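*Asks:* fold the following.
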Amino acid sequence: MKKLFLILVSMLVVFPVMASEDVPSSKIIIYREPAFQGSLVAYNVFINDILCTQLKNNSYYEYDCAPGKYVVRLGNHPNATVNLEVEDGRNYYLRFGLDIGFWEATPELILVDDSFGAQSLERLNMNLEETISASYVTPKNRIGINLGGGFGFNSALDLPIVYDYGKEGTSTLRFGGGFSIGAEYGHEFTKYFDLAVGLDYRLSQMSPMINKMTFNFSRGVVSATPSIIIPIGKIENKHIRIGAGLDVYFANTLNISDKDGAFDYLHDTWHYKSTLGYHVQGIFDVRISDMFSYNFALRLYNVDFKFDTSNMMYPYDDSKLYTPNGAGIDVSTGFFYHF
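*Replies:* Residues are numbered from 1 along each chain as shown. Got it, this is the predicted structure:
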């Protein structure tokens with residue numbers, strides 16, 4: 001009977017102590033003060049390798065926890081990782097900061113005094129972030145714009161010119177290169193494979209420009225590019241995409257204009273048939289958050305155009321303007337939203 005009594009007493013003492021070890025009695029609080037720089041970017045908060053929330057500008061997140069060891073990090077940024085030994089009944093405040101560099105802003109976490117952290121939250125009236133669902137995955141779709149320019153390899157028209165200071169030269173029109181602007185949609189099927197579809201407008205002009213005379217070649221381009229993805233480093237916010245694909249060129253138009261009106265035949269529009277081309281490209285991507293990224297691209301392409309109709313004139317068969325080549329190389333930068 002005495003043994004049974006001792007067993008019951010032990011159970012009453014030990015069980016509550018064991019249970020209390022799993023009851024959250026402390027808090028880890030990560031907060032981000034309002035700031036203009038990087039305000040559009042939200043950062044993933046991981047605690048013990050579990051995605052807990054996305055920390056936005058002017059917000060904070062509370063993580064209830066039991067005493068023990070915890071690793072808090074923002075994405076995979078090495079400067080934004082803090083190891084904590086949490087004690088019973090204490091609150092730990094981690095302040096978000098940005099280290100502004102040349103290419104990007106790097107986040108960092110700083111452990112601050114609990115009274116200073118509490119005063120910051122009270123003074124700034126920040127928004128409380130909710131815990132992310134366990135089913136959350138990084139967005140795989142993106143949409144954005146590309147801006148660029150380049151150089152055409154082959155000249156389609158060469159006109160002699162005389163500069164103001166008397167020196168003779170040549171003005172050249174190329175059907176490749178020039179200015180480009182476009183929109184792009186892309187999807188990452190896996191960590192190592194991507195498919196992008198783009199719609200671009202490109203414009204090439206005489207170089208150097210001829211006073212009071214205009215020759216420019218405009219075209220639309222629809223492209224599809226499957227690419228392999230090569231991750232860079234351990235942070236996983238940078239990678240290289242290398243791919244090749246097909247292009248469809250349409251609305252290919254050569255506009256000719258003589259502003260003085262001295263030559264009637266220099267008021268004309270030549271249309272070229274829609275045609276297929278191809279390209280290879282390399283892209284350096286930088287993911288600044290789950291929602292936003294930017295890139296730098298180098299594209300090498302080739303296409304052959306064929307004359308279709310004009311308003312007034314028809315080029316001679318031996319003219320390079322009849323079947324011009326539009327090969328060239330472009331560099332561009334893009335800005336994207338992920339969803």
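*Asks:* host element of Ser120?
*Replies:* Assigned by DSSP states H and E, Ser120 belongs to helix 114-124.
*Asks:* how about the strand or helix carrying Leu94: buried residues?
*Replies:* Element membership for Leu94 (DSSP H and E) is strand 91-100. For strand 91-100, the neighbour count (16 or more other C-beta atoms under 10 Å) marks 92-96, 98 as buried. C-beta here means a position set from N, CA and C on the backbone, and glycine is covered the same way.
*Asks:* tell me which of the residues you listed is nearest to Met126?
*Replies:* Closest approach between the buried residues of strand 91-100 and Met126, by C-beta to C-beta: Phe96, at 10.6 Å.
*Asks:* number of residues surrounding the closest residue to that closest one other than its chain neighbours?
*Replies:* The spatial neighbour of Phe96 that comes closest, neighbours along the chain excluded (C-beta to C-beta, 6 or more residues apart in numbering), is Arg32 at 3.8 Å. Counted with other C-beta atoms under 10 Å, residues neighbouring Arg32 total 29.
*Asks:* from Asp194, how far off is His187?
*Replies:* In this structure, His187 and Asp194 are 7 Å apart, going by C-beta to C-beta, to the nearest Å.
*Asks:* returning to that earlier point: could you dump the buried residues of strand 91-100 into a markdown table with distance to Gly150 and pLDDT added?
*Replies:* Formatted as a markdown table, those follow (distance: C-beta to C-beta, whole Å; pLDDT from 0 to 100):
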| residue | distance to Gly150 | pLDDT |
| --- | --- | --- |
| Tyr92 | 53 | 96 |
| Tyr93 | 51 | 96 |
| Leu94 | 46 | 95 |
| Arg95 | 45 | 95 |
| Phe96 | 40 | 93 |
| Leu98 | 34 | 85 |
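*Asks:* now stretch 41-57: mean pLDDT?
*Replies:* Across stretch 41-57, the average pLDDT comes to 90.
*Asks:* quick one: end-to-end distance for it.
*Replies:* The straight-line separation of the ends of stretch 41-57 (C-alpha to C-alpha, to the nearest Å) is 8 Å.
*Asks:* buried sites along it?
*Replies:* 41-47, 51-57.
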